[in-house]
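**Q** mind folding the following:
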Amino acid sequence: MFPTVAQVLELEALRRGAPRVVAGRDGLDRRVRWVHVSELVDIAGMLHGGELVLSTGIALPDDRGALARYIDDLADVGAAGLVVELGRRYRDALPDPLVRAAERRGLPLAALRSEVRFVTVTEAVHAHVVNSQLGELRASEAVHQTFNELSVEGAEPAEIVHEVARIAGAPVVLENLSHQVLAFDAAGGDAEALLDGWERRSRSVRPDGRTGYDPRTGWLVTTVGARGQDWGRLVLAGRPDTPEAEARRHAVLVERGASTLALNRLLDRDRESLERQTHRTLLSGILTHSLTVSAVALRARALGVPLEGRRLVGVVLRPGPGRPASAALEAQARLRDFTETAATAVRGLGLTALVGSLDDDGVGLLVSLGPADTEHRALESLSAALHRSCGDGFLMAAGSSVGALRDARRTLLEAAQVADAARHGGSGSGGGRTCAYYRLPDVRLRGLLHLLRDDARLQTYVERELGPLLAHDAEHGTDLVRLLAVYLEHGRNKSAAADAAHLSRPSFYDRLRRVERVLGVDLDQVESCLSLHVALLALDAVRR
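**A** Okay, the predicted model is just below:
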């Protein structure tokens, strides 16, 4: 970066001359591109702008009008300033016409009260300029190297935004075309202040061109997209008092960050959208406590999903029972499409929700209900919309609604548990279901046993009740456990059970007696049969 006139006057080579600014102080922030030493009155024709002119004034005219024209000519070509050494032509002070003309044109004019070697001044300034240019070149090379590495590594948007903020030393926000925040880095500042009212503030900033500076806000904004398909904006949120020249220094940085974001999205088309990634991050943050309640509320609000002061309902969508397994890539693509389908359904119904994948085959939603929304109607409408799009190849489970964001984890976990229980509960799960989605009362005993399947006490109970029969089947190659299950599933109706087992009644009765001998129980006792039936259901849950 070129030094300012003020910075040049602070160089040791000029400080030896005890410089005193006598006019044009408001222009001391002008950039000095070069230093030119000349005693000619018509030097302006040799300048290109940005030069600091050094002179002893020995050839300057006496005429007031000519002095004013000299200053006007320098100002017209964009000279950075004029430095005149006293002692040769002007002993103690510069002539008033020269000073008044410089003040009128805002041209910095300084008087050197001691003699200096002009060659030393030019060497010092030119070295400063060259070093600054070399520094900018090195910084630019470092920026390109950084973002090349991020492109090769397939960095996440949050990583790219963080690097832009780190290098610029200012907050950076990535937003979509609806001005919803996809990723941000407050650069050590107040995140809440940065994102407060973001959409409203962002909509008011409409710079010309793909990259532009808004002096009213101090924002440097560039469009993100490729191949004619723009999908967002990258905003360097500077301060309103930031000089435009300083802000525009970062134009290459934000453009390089934007191109890296666009390139990574082109190379990674099979990944979920940035909106879904951001929603998934927030859902994960709620479930794992990796984000504070205030951080979730702040980021969700910036996404256009208010969560504070509303009823929240956790919803989990999973493939239905009996759905065949798919190859990993196919399953991942299917989950991504299903997540987008769920998000589309939410938008189509006018609902507000975080929507993102929870794991390898589940989609989570945190539905945010306003005062006018009816919980049951909203969930039924969502289920109906998903069935219209996806058919019956999925199940939907909902947790109990909560009234505070700090309790959102509970409703999400409950929804996940209900979904797992309903999915693995077999034909018996949801038998009492009266609506298009599952809730905790719907999963009944099979669902409860599925939720407890990892509990050592349940596994011990199964072994105590059925262990001898399982060992007998393993040793003798019989299927007494299956026959017992058929008998109990048919309400202890031996005739119906024998038909279902495709056995004659005498043969079936004989095997039931063998079960009684092995287990040491009486199958005519209701409590014994109940205990065995629960153990069989638990065995099924454990095996699944």
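**Q** close enough to count as contact, residue 216 and residue 240?
**A** Yes - here residue 216 reaches residue 240: they are 6.7 Å apart, a contact under C-beta atoms under 8 Å. Every C-beta, even on glycine, is put in place using the N, C-alpha and C of the backbone.
**Q** if you count neighbours, what's buried in stretch 211-224?
**A** 211-214, 217-224 (16 or more other C-beta atoms under 10 Å).
**Q** among those, which two are most distant?
**A** 218 and 224 (19.9 Å; C-beta to C-beta).
**Q** run a quick neighbour tally on the closest residue to residue 501 other than its chain neighbours.
**A** Leaving aside its sequence neighbours, residue 501 sits nearest to residue 486 (C-beta to C-beta, 6 or more residues apart in numbering; 5.0 Å). When counting by other C-beta atoms under 10 Å, one arrives at 19 neighbours for residue 486.
**Q** for residue 486, what is the enclosing helix or strand?
**A** Assigned by DSSP states H and E, residue 486 belongs to helix 480-489.
**Q** export that helix as PDB, just CAs?
**A** Output of helix 480-489 as PDB, limited to C-alpha atoms (Å, rounded to 0.1, in the frame of the first residue of the first chain):
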ATOM      1  CA  LEU A 480     -39.500 -74.700  20.400                       C
ATOM      2  CA  VAL A 481     -38.900 -71.000  20.900                       C
ATOM      3  CA  ARG A 482     -40.800 -70.300  17.700                       C
ATOM      4  CA  LEU A 483     -43.600 -72.600  18.600                       C
ATOM      5  CA  LEU A 484     -44.000 -71.000  22.000                       C
ATOM      6  CA  ALA A 485     -44.200 -67.600  20.300                       C
ATOM      7  CA  VAL A 486     -46.900 -68.800  17.900                       C
ATOM      8  CA  TYR A 487     -48.900 -70.200  20.800                       C
ATOM      9  CA  LEU A 488     -48.700 -67.000  22.800                       C
ATOM     10  CA  GLU A 489     -49.400 -64.700  19.800                       C
END
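**Q** quick one: list the elements packing against it.
**A** Here helix 480-489 touches helix 456-476, helix 494-500, helix 505-519, helix 526-543, going by 3 or more C-beta pairs under 8 Å, 6 or more residues apart in numbering; DSSP states H and E.
**Q** where do the helices sit along the stretch 351-500 of the chain?
**A** With DSSP state H, counting those that start in this stretch as the criterion, the stretch 351-500 of the chain has helices at 375-390, 408-424, 440-451, 456-476, 480-489, 494-500.
**Q** where are the low-confidence patches of the stretch 301-450 of the chain?
**A** For the stretch 301-450 of the chain, residues meeting the criterion pLDDT under 70 lie at 320-331, 424-435.
**Q** got it, and the chain?
**A** In the chain (pLDDT under 70), the answer is 1, 132-140, 227, 244-245, 247-248, 267-272, 320-331, 424-435, 544.
**Q** tell me the centre residue of it?
**A** residue 183 (2.9 Å; C-alpha atoms, centre = their mean).
**Q** so what does the strand or helix carrying it touch, helix or strand wise?
**A** Here residue 183 sits within strand 181-185, counting by DSSP H and E. With contacts taken as 3+ C-beta pairs under 8 Å, 6+ apart, strand 181-185 sits against helix 157-168, strand 172-176, helix 191-195, helix 274-288, helix 293-302.
**Q** who touches stretch 463-474?
**A** 478-481, 484, 515, 518-520, 531-532, 534-536, 539 (C-beta atoms under 8 Å, 6 or more residues apart in numbering).
**Q** that one: how far from the chain's middle?
**A** Computed by C-alpha atoms, centre = their mean, to the nearest Å, the chain-centroid distance of stretch 463-474 equals 53 Å.
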